[in-house]
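A.B. asks: Pasting the sequence and the predicted model now:
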Amino acid sequence: MRRGRLRVLLGAAPGVGKTYAMLEAGRDLRAEGKDVVVAVVETHGRAATAALVEGLEVVPRRRVEHRGVGLDELDLDAVLARAPEVALVDEFAHTNAPGSRNAKRWQDVQELLDAGIHVLTTVNIQHIESLNDVVRTITGVPQRETVPDARLRAADQVELVDLAPQSLRDRLADGQVYPAERVDAALSHYFRLGNLTALRELALLWLADEVDSALRRYRAEHAIDAPWEARERVVVALTGGPEGETLLRRGARIAARSAGGELVAVHVTTHSGLRDSDPGALTAQAALAEELGGSFHQVVGEDVPQTLVDFARAADATQLVIGISRRSRLSALVSGPGIGATVIRAAGPIDVHIVNHEAAGGRRRVLPPLGGALTVRRRVLGLLLALVAGPVLTAVLRATRTEDTLVGDVLAYQLLVVVVALVGGLWPALFAAVLSGLTLDYFFIEPLHTITVGDPRHVVALLLYILNAVLVSYVVDQAARRTRAAERATAESELLTTVAGGVLRGQDAVAALLARARESFGLTAVRLRSVDGTVLAADGDWADDADVRTVPVDDRTVLDRIGPDPDDAGARLLAVVVSQIAAALEQQRLRATAEEVGPLVETDQVRSALLSAVSHDLRRPLTAATTAIGSLRQSDVDWSPADRAELLATADESLGTLTALVTDLLDVTRLQAGVLGVTRLPTDVEDVILPALDELGLGPDDVELDLDPALPPVAADPALLRRVLVNILANAVRFDPDRPRVSTSGFGDRVEIRMTDHGPGVAPDHREGLFVPFQRLGDTDNLTGLGLGLALSRGFTEGMGGTLTPEDTPGGGLTMVVSLPIAEPDRGSAR
């Protein structure tokens, strides 16, 4: 039986229209003559969705009793017995009621597909297993119903049902998604604009990745090796040399020429490990690749050109950028064609760019340096062994010499060469090989005691022996080199891992790096100081009269060290540690700057709001009082007793308002001895809301309260928070024809105070204008709007580390949301 096809409609959030689109597709299929049934659909009480079900055959659901509650589930057996061509199955991630054949609905779908039934289903991005933790971080809501990625990626077709975040919020506010009683909580929590934007981006990225994977599968199934230039991918090969920055910038320019171009940097590590490249340069180049919007990768392969081409093909590269060889002409002549020529031959349809740079054609050794992998002491021991063991072995062999022992004599000297190679490396072994060859000729090959050879065959044998000894010496020396290189690379990796682990575990980055550097390089002491001589950090016993070596860290800092100089490999590793110290210093400076600027910003926000209040709220009552008193002083006007009383009442009321306002402002300015600041203390929001209502003279008949008594205290300044609530509530009472509502709730590590009215509301494009200093609606007298203004309220709220945002009220009106962080236990802070 042919397996059915699975088509999935993916949405970023509930309410985007997945079920509606599924039903529309089902009706279209039925109009084309397909046998379509509705296996299960969840309309959630939406009339438009329910209307689409009419006219489609619906398979009755199976009733399941669980703990006294009746649950309607998909009747899998009924659908299998009906055997339609297409089944519409809503909510792919649904968990079936206990006692069902399958625990999950996606398992039911698998049975339908195995029976040859095509399935059209729906799922939201938050239900994908691999994205569960990401969605929880974004929304703060854990998802218990998930679908394995493999099941979703195995679908024959995945389509995105997309809706702009603000459009979804508008649908929610209009009651098209949830019932009216759930709308307010949904808008303020899961359906925040930022949450929906992030979920939409997540859905688009997941689908784009799935499309890219589908393209790769198609090419693999059809044996298509040539890259398809769906988008430009530029691979830049890095060697760790000085040309890396030039190559990366050239590759970035190539990638930027086409929309969606991607930059990928790669370094091929051979078995010799870190010795062939500069780790410090590679670290800097990896950081540059990320700054340019690309990614950095490191692969291992002995055949560098082939490994590079294989990586480029695997990455679907369209362009490959490599540097021109740094070898001299003599080196190229001796060692043959370089990496560039080999890559060009193997790249096939991938365009290869060979970029010139300043290091091209530089000096580079054709032969390895004389200094091997062993120390000078080991090489001297090898020479002494050859000089001492050679004569001793000769004496022993001469004492036991017969005509039949020549082959044994040759093998004995061969063993001596191997032992010398193990002890002293290549050059002592070469010396032993030549010396043993001459000894064999002089003492054991006729004519004896001469360096001449009577039999020409013995000449060939002697030359072959020396050549064999040289090759054995070289192999043994190379094995020692590779062993030492591997040990060195392991030690370097352990050092870098230890340093990174110390920093990640919360240790001070600079102190951890200095301590590890001193231990790893065997230094007596190390310190970090600024160029003016100030010591920033130190480790070890420092002696001012010692021989101090200095390494620059950045333009403001140097590293002083007392101890032996590292070798070339150690110097490269030290450069890596120095670059990490520079990065840690930069992070410390940025953190210190942020800590210094943060309180100033908060204080400036509040100070600016206060100055705006003084310029607005003080001027109006002062003008009214001045006008009233000036009118009373006019001698040419005969005021009646009633007019005089009204003018005196106006002056008294305005001056009273002015006095109260000035008193409030002065109370705030005295918070820190005349310097404006914000004192954040653990504050129970209920202890602030109720006094604010009392100040406005509002009782239970005027305001609806929905306060959560279990909420933890918030970090806030009680005086400033009260001013904020008084001002917002005054506006809510003024514009709400009915009772405004005040509610509190917790969301993650924050507490929200929501003040809701059902007045005329404010259009979304005019909301930011609310926070321009004292732009009020209908502000025509001095009896209303004498609070500190919404600009002041936002300034105070942000100064306390919170936010003040306007939202739509379901059914019409405006909701002002004050969000404040939860206070840390037994702590307050002054800013």
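C.D. replies: Structure's in. What do you need?

A.B. asks: In space, what's closest to Ser295 - neighbours in sequence excluded?
C.D. replies: Val264 (5.7 Å; Cβ to Cβ, 6 or more residues apart in numbering). Where you see a C-beta, it was placed from the backbone N, CA and C, and this is true even at glycine.

A.B. asks: for Val109, same thing?
C.D. replies: Take Val109 and drop its neighbours on the chain: the residue closest to it by Cβ to Cβ, 6+ apart is Val119, 5.2 Å away.

A.B. asks: Show me the beta-bridge partners of the one you found.
C.D. replies: In this entry, Val119 is beta-bridged to Leu6, Ala87, by DSSP bridges.

A.B. asks: Can you tell me the number of residues neighbouring it?
C.D. replies: Using other Cβ atoms under 10 Å, Val119 has 24 other residues around it.

A.B. asks: Retrieve the pLDDT associated with it.
C.D. replies: Per-residue confidence (pLDDT) for Val119: 93.

A.B. asks: quick one: it and Arg7 touch, right?
C.D. replies: Yes: assessed by Cβ atoms under 8 Å, Val119 is found in contact with Arg7 at 7.1 Å.

A.B. asks: Buried residues, the strand or helix carrying Val407. List them.
C.D. replies: Using DSSP states H and E, Val407 sits in helix 406-424. Buried residues in helix 406-424, counted by 16 or more other Cβ atoms under 10 Å: 406, 409-410, 412-414, 416-424.

A.B. asks: helices and strands around it, which ones?
C.D. replies: Helices and strands touching helix 406-424, by 3 or more Cβ pairs under 8 Å, 6 or more residues apart in numbering; DSSP states H and E, are helix 376-399, helix 426-443, helix 456-504.

A.B. asks: Quickly, which of these bottoms out on average pLDDT?
C.D. replies: Per-stretch mean pLDDT for the helices and strands packed on helix 406-424 is lowest at helix 456-504 (a mean of 67).

A.B. asks: can you tell me the average pLDDT over the helix or strand that comes right after that helix?
C.D. replies: Counting by DSSP H and E, the next helix or strand C-terminal to helix 456-504 is helix 509-520. The pLDDT scores in helix 509-520 average 73.

A.B. asks: just stretch 407-422 next, same as before
C.D. replies: 81.

A.B. asks: what does stretch 824-831 give?
C.D. replies: pLDDT averaged over stretch 824-831 gives 56.

A.B. asks: Distance check, the residue nearest to Val109 against Asp638.
C.D. replies: 93 Å (Cβ to Cβ, to the nearest Å).

A.B. asks: same deal with Ala347?
C.D. replies: According to Cβ to Cβ, Ala347 stands 105 Å off from Asp638.

A.B. asks: How about Ala47?
C.D. replies: Relative to Asp638, Ala47 is positioned 71 Å away (Cβ to Cβ).

A.B. asks: Same check on Glu290?
C.D. replies: Using Cβ to Cβ, Glu290 is found at 84 Å from Asp638.

A.B. asks: Same check on Arg61?
C.D. replies: Distance, Arg61 to Asp638, using Cβ to Cβ: 89 Å.
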